[in-house]
Each structure stands twice: as structure tokens, then as C-alpha cells.
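A.B. asks: Structural data only, the sequence is not supplied:
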């Protein structure tokens, strides 16, 4: 009996003499975490750690449980055992938010023509920096304005016939992505955080305003599937 072979196909590959004990699964994935900055909060000289609070728990400036919008971490501050991540991009998104203490409300406010809202955005983008925190070692990443989705302002403001200002303003997409050539490896069970830091010239969040900063790590994952 002859094996069925498609026309033009090469020789049938050899079959290994033993079954593999595990398989590897590869893919692209994002890890993300958010920190809230409610109205009147002083942020100068502060270090605010993200990726420390998991889904369903309070923390990182939020007084209510973090949802899928704020984070996708099942365990705070740790890469799941049996998985590994290579981070090739870091994004930083600054969001307009409800000014309720602890941002118990919504992150749904556009950066419109309100001067205080635009100043809040500029304050965070201009004064903020990002750094890795590996418990024993802190490694600077970049200023927020160099991280993707945090590279400045764009939009348009105009006036109606009644001289009423209308329009929208938002933080632009950064054109520079960190770790494109040399990814950061986060092996399984690695303990880590990202620190959102501010210098002494950062102004407090204005009364009546609120903001949230979401950090997204773009990368590849590899997980081990044990089969025997």
C-alpha cells in the first residue's frame, strides 16, 4: 500500500521515535494597568506604581475594584508561572476622568476646549516619566511624551456663530516606541511594576478635574503546555 501524497509534494517527513513531553504556544499579547489621579491630588515628586493591583481589587488610585478597562492582570505584579513575555513596546495613554475621589465614576471625559482639562493633560505628559521596578532594581524607560499614545496634543477648537467654543483636544500618538530592537524579557514568575514618576515642577490635579494614566506593554508570549 502506498501513502497518499499530493502532486508535487516532497518526501514525507520522518516520525519521531518518542512523544514530546511539552509543547510551546507563541503569540502577541498586551499587559495593561491604570492609575487614577483625582481632583486636587498633588503629584509633584511622587512615584505611582502600576501593575501591582490585579483585576477585581481596589488600588492604584481607585477606590472601587479595577475592571477590564483598567487592567488585565490576574495576579498583581507577577508574570504567570509557565509563561514568558518579551516586551517590544510601551504605550502610555492619558485619559480624562470623573473627578470623584478615587475615580469611582467614569473615564469618559474628552479633552475638550476646557482650559483646565487641557492643562491637566499637558501637566501629566510634560512632567511624567516611566521606569521599570524589578523590586531590587529600577530602570528608567523614558519621559511620557516619548511613549506611544502620549506624544503631545492634537485636535481643533473653533467658535460657533454665537461665539460658543466647540471642539476636542486629545493626547497624540507618540512616534517613538521603546524596545523595538532590544525587547525586555520578563520570564515566568517575574515580579515587576512600572512606575509613573513626576518631578518637582508638576502641578496638582486641578479642582473639578480628574485623570487616569493607562500603561500598556506590547509583546510576545511563550507558554509551556505539559502533555506528559
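C.D. replies: Done, it's in. Keep in mind the model is a prediction, meaning the values are calculated, not measured.
A.B. asks: Where in this protein is the helix or strand with the lowest mean pLDDT?
C.D. replies: None of the helices or strands of the chain scores lower by mean pLDDT, DSSP states H and E than strand 165-171, at a mean of 61.
A.B. asks: For this protein, which segments count as strands?
C.D. replies: 22-37, 47-50, 83-96, 128-133, 138-143, 153-159, 165-171, 184-186, 193-198, 211-226 (DSSP state E).
A.B. asks: and the first one, average pLDDT?
C.D. replies: This predicted structure assigns strand 22-37 an average pLDDT of 83.
A.B. asks: strand partners of it, parallel vs antiparallel please.
C.D. replies: In the sheet, strand 22-37 lines up against strand 211-226 (antiparallel) (DSSP bridges).
A.B. asks: Just the buried residues of the partner strand, please?
C.D. replies: For strand 211-226, burial by neighbour count (16 or more other Cβ atoms under 10 Å) applies to 211-219, 221, 223. C-betas here are computed from N, CA, C, even on glycine.
A.B. asks: Can you tell me which of these comes closest to residue 37?
C.D. replies: Minimum distance to residue 37 across the buried residues of strand 211-226 is 4.7 Å, recorded for residue 211 (Cβ to Cβ).
A.B. asks: can you pull the buried residues of stretch 85-103?
C.D. replies: Neighbour-count burial for stretch 85-103 flags 85-99, 103 (criterion: 16+ other Cβ under 10 Å).
A.B. asks: ok, residue 55 - contacts?
C.D. replies: 66-68, 71-74 (Cβ atoms under 8 Å, 6 or more residues apart in numbering).
A.B. asks: repeat that for 7 Å
C.D. replies: Shown in contact with residue 55 (Cβ atoms under 7 Å, 6 or more residues apart in numbering): 66, 68, 71-74.
A.B. asks: Tell me the most packed of the residues you listed, by neighbour count.
C.D. replies: In terms of neighbours by other Cβ atoms under 10 Å, the contacts of residue 55 top out with residue 71 at 26 neighbours.
A.B. asks: thinking that residue is in contact with residue 34, fair?
C.D. replies: Yes. Assessed by Cβ atoms under 7 Å, residue 71 is found in contact with residue 34 at 6.3 Å.
A.B. asks: Now for residue 205, how many residues are close by?
C.D. replies: Residue 205, neighbours per other Cβ under 10 Å, totals 24.
A.B. asks: Could you measure from it over to residue 191?
C.D. replies: For residue 205, the distance to residue 191 equals 30 Å [Cβ to Cβ, to the nearest Å].
A.B. asks: quick revisit: which of the strands of the chain sits closest to residue 62?
C.D. replies: Closest approach to residue 62 among the strands of the chain is made by strand 22-37 (4.9 Å; Cβ to Cβ).
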